[in-house]
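Peer 1: Here is a sequence together with a model predicted from it:
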Amino acid sequence: MITSTHYLVLGGLLALIGTLGVLTRRNVVVILMSIELILNAANLNLVAFARELNQIQGQVFAVFVIAIAVAEASVGLGILIALFRNKETVDAGEIDLLKW
Amino acid sequence: MVTLALILALPLLGALLMFLAGRRLPHAVISAVCCGTALGSFICVLLSADQNVTYAEWLPSLNAAWGLNLDALSRVMALVITGVGFLIHVYSVGYMREDAGYYRYFGYLNFFVFAMLLLVLANNYVLMFAGWEGVGLASYLLIGFWFHRPAAAAAGMKAFVVNRVGDVGLLLAILAIQLNVPAAPWIAALLVVGAIGKSAQFPLHTWLPDAMEGPTPVSALIHAATMVTAGVYLIARSHTIFESAAQVSAVVAWIGAFSAILAASVALAQNDIKRVLAWSTVSQLGYMFLALGTGAYWVAIFHMVTHAFFKALLFLGAGNVIHAVYGEQDLRKMGGMRTALPKTHALMLVGAASAAGAPGLAGFFSKDAILASAWSAPLLFVVGMAAALLTAAYMTRLMYLIFYGTAREERLHMHEPPMVMIAPLAVLAVGAIAAGYVSPRFLLTPVLGAEREAGAPEWIVMALATAVAGAGWWFARGRYLNSWPAFLQRAFYIDEIYDAVFVRGFALGGGRLLSAFDARVLDAGVNGVGWLTRLVSRVSIWWDIWIVDGLVRAASFAVKMSSYPVRFVQSGYVQFYALVMLAGLITFVGYLFAR
Amino acid sequence: MLDAIFFYAFALLAVAGAVLTVTRRNAVHSAIWLIVSLLGVAGLFLLAQAEFLFAVQIVLYVGGVMLLFLMVIMLVNLDRAKQERQFSQQWPAALALAAVAGFGLTVVFRKAGAVLPPMASPAEQGNTQWLSEVMFRQYLLPFELASVVLLVAMVGAVLMARKKAGT
């Protein structure tokens, strides 16, 4: 039988893959996609707990997470376009403006 | 009190307006503003009562304050400055019409009027010195007005430098006066140094003929009518000091007499129309100094007034002549211009006759009064008479060379200038005739004191002066075409002597002497000191490198080493930050679980 | 049994899609594989009786966000990026950290294992109705806040992606 642990393991797996993507890929577009993966993993967990506890609140939170994820994606891509226009690159390894 | 301040404020405001916004103003506005301020100042002088007002403290330690004093002496001076100044402003509207620096010219001119009024109206010597330097600055700027001409720039420089020599004396004298140093003869001597610098008397007279590089109306206003008489005003204003220093007064009289005859003889030989007038100015100022030296202070001021009229008239007339022949100033290339310039001829004739001392005109009376004051010193009287003879001679020569005989060079289109350049001359001509009948004697005597009783029989002096003037005319009219010895044309080589002695002699020779001293004496000492210094510096270097630098480097090395881990963390790459965040998160969560 | 088959199928889809998203060299391929992964997660939502979220996942993510990604990929010229190294130099450290985190997760997950009961609303409502009841009553203020956040994000995105400031 499928238990909540199945969902949690799957969520953990997706989150790890997404984390690796964020930490290792140099292309900023792919980094943003990886962030979407992590958020999806969180949603998966919320939905699983909602079913386990028979409470709809978990699904409500998932809706909020999706809303924030959409906002994050749009702003992130806007920043990406501004960055590309100014620096002609989408390589996270070439951008060190956070220094100083 | 208000009108007194307005006398100064009007031309100052005019000058400021020109300097700040003049470039954008149309010529009509510039002319209206600048002539208007001069005329307004003139009216304010007429309206103000005699008074001595101190507006504010300035330098208490020097007894200096912002204060103005209007009495008979400064009123006469101020009336000449603003009156003649206004006429010359009006004349300049025509003369400078085509000039690109129109607003600049009028700004300088208004500034000059302001500074000159400050000079004569200041109620203490320190404030007067500010005006004194102000007119020097205006003079420098206006002589070098056409600064793209090297001669004009050099002439401005020369005027400035020669004036500095006199100003040193004046400054010392002012300090002594303000600090109440009890040494009247020395103070008087220093005042004389200042006065002869500004008034172009021998031996500091060389700058004035060169100052003719400026625009002709400027020569009329600054270098004939007003600024150069500042030295006369200075001595007249300080007459109490001179009355207690008889020897210095005698020196003043002799400087004046010598300058008068020297300059008159040089004027006789000049070929440049403006240089004739410039040397004539030096000569007439010499007359004023002669009067000052004999104690007839009001006579000097009297001659200064009549001189302002006829010399300004002559300069402006010369401006008309130059205007008519398109900038030519050489008398040898003129001649026979009476028919082309009838009005200018008539007006200049009045001025020249007045200057030469023709009976009944203004110059006759004032010169007469000067000669009468010198009656008690026969030698001075004779020199004065000789100078009067020469004056009549060079004035005759000047007029004949310009207006009579035949034209020595063909010229087309000679014409009278516009009305705006004739009318001021007419007003000045009236003054050059009538000023002699309005003797300022009773006006000035309360301020300057009566002259010592000369006891000169009035009619003898008059007859002698008339005879001398007639002789001068008779002598010159037959030989005005003669050319004169070189030493007269070169003004007794005084410029060349100064150049050899001061510029080349003192500056270069002194420099050579100094360099020899430098090489033999100073260098030996310097070398010894240098050797010692090198020894000390070796030790110092060693100390510096191993001890001082060692400490500094050790400190910086320690900082550098300790900074490596911190710098490594601060890489600026967002992914590295995310990695560190994850590591921190894992550590934290692990700690929570393991606890 | 059927549940298990579907679960493993969707889980495989999600994990394989995620792995390929992270590893593909071409960003467009990454995007396509992300769509696959998101579809897998949507299927899992359906299995967990979250029908509304299933619809939202399909419409919003696959339809909206991925369209955005693809358009951005086309806007920024990525030909050059394809030729370069795809992974940063810190990948060993990242891998090690991920391994530590995965180990930690396995330690945690070993205990649990409740069988999932079917969901049932107290008032016999359908999933979407139940969700909206809770959302618009209990979570009205967060809902409104989320809308404000979305508005700010929209304005910010437009502002930053604009050609030049002030034009």
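Peer 2: Done, it's in.

Peer 1: burial measure for the nearest residue to B:Arg490 once chain neighbours are set aside, as a count.
Peer 2: Counting by Cβ to Cβ, 6 or more residues apart in numbering or on different chains, the nearest residue to B:Arg490 once its immediate chain neighbours are dropped is B:Glu496, at 7.0 Å. For glycine as for every other residue, the C-beta is placed from the backbone atoms N, C-alpha and C. By the criterion of other Cβ atoms under 10 Å in any protein chain shown, B:Glu496 has 11 neighbours.

Peer 1: near chain B, which residues of chain A?
Peer 2: For chain A, the residues in contact with chain B (Cβ under 8 Å from any Cβ of the partner chain) are A:19, A:22-24, A:31, A:92-93, A:95-100.

Peer 1: can you put these in JSON lines and add distance to C:Leu39?
Peer 2: Compiled in JSON lines, the residues of chain A next to chain B are given as follows (distance: Cβ to Cβ, whole Å):
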{"residue": "A:Thr19", "distance to C:Leu39": "21"}
{"residue": "A:Val22", "distance to C:Leu39": "22"}
{"residue": "A:Leu23", "distance to C:Leu39": "25"}
{"residue": "A:Thr24", "distance to C:Leu39": "25"}
{"residue": "A:Ile31", "distance to C:Leu39": "21"}
{"residue": "A:Ala92", "distance to C:Leu39": "28"}
{"residue": "A:Gly93", "distance to C:Leu39": "31"}
{"residue": "A:Ile95", "distance to C:Leu39": "32"}
{"residue": "A:Asp96", "distance to C:Leu39": "37"}
{"residue": "A:Leu97", "distance to C:Leu39": "36"}
{"residue": "A:Leu98", "distance to C:Leu39": "35"}
{"residue": "A:Lys99", "distance to C:Leu39": "40"}
{"residue": "A:Trp100", "distance to C:Leu39": "44"}
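
Peer 1: For PyMOL, what selects the buried ones among those residues?
Peer 2: A single PyMOL command selects the buried members of the residues of chain A next to chain B (16 or more other Cβ atoms under 10 Å in any protein chain shown):
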select buried, chain A and resi 19+22+23+24+31+92+93+95
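
Peer 1: Got phi/psi on the closest residue to B:Asn124 other than its chain neighbours?
Peer 2: Once flanking residues are discounted, B:Asn124 sits nearest to B:Ala64: 5.4 Å by Cβ to Cβ, 6+ apart. Backbone torsions of B:Ala64, given as degrees, to the nearest 10, read phi -100, psi 140.

Peer 1: do the one 10 residues further on as well
Peer 2: When quoted as degrees, to the nearest 10, the phi and psi of B:Ser74 stand at phi -70, psi -30.

Peer 1: Quick check: what element follows the helix or strand harbouring B:Ala257 along the chain?
Peer 2: Assigned by DSSP states H and E, B:Ala257 belongs to helix B:246-269. Sequence order places helix B:273-293 as the next helix or strand after helix B:246-269, per DSSP H and E.

Peer 1: now that next one, how far from the centre of its chain.
Peer 2: Mean-position distance between helix B:273-293 and its chain equals 15 Å (Cα atoms, centre = their mean, to the nearest Å).

Peer 1: and that helix, average pLDDT?
Peer 2: Mean per-residue pLDDT for helix B:273-293: 88.

Peer 1: And it, what's buried?
Peer 2: Buried-residue list, helix B:273-293, by 16+ other Cβ under 10 Å: B:273-293.

Peer 1: Pick out the residue nearest the middle of chain C.
Peer 2: For chain C, the residue nearest the mean C-alpha position is C:Leu38 (5.9 Å; Cα atoms, centre = their mean).

Peer 1: Tell me if I'm right that it and A:Asn43 touch.
Peer 2: No - using Cβ atoms under 8 Å, C:Leu38 makes no contact with A:Asn43, being 10.3 Å away.

Peer 1: Inside helices: which ones of the residues of chain A next to chain B?
Peer 2: Assignment to helices by DSSP state H places the following of the residues of chain A next to chain B there: A:Thr19, A:Val22, A:Leu23, A:Thr24, A:Ile31.

Peer 1: near chain C, which of the residues you listed show up?
Peer 2: Among those, chain C is touched by A:Thr19, A:Leu23, A:Thr24 when using Cβ under 8 Å from any Cβ.

Peer 1: quick one: the second one from B:Leu579, how far?
Peer 2: A:Leu23 sits 5 Å away from B:Leu579 when distances are taken as Cβ to Cβ, to the nearest Å.

Peer 1: list residues touching both of these two?
Peer 2: Here A:Leu23 and B:Leu579 have C:Gln90, C:Ala94, C:Leu97 as joint contacts, going by Cβ atoms under 8 Å, 6 or more residues apart in numbering or on different chains.

Peer 1: Just give the nearest non-adjacent residue to the first one, would you?
Peer 2: Same thing as C:Gln90. Closest residue in space to C:Gln90, ignoring its immediate chain neighbours: B:Leu579 at 5.8 Å, by Cβ to Cβ, 6+ apart.
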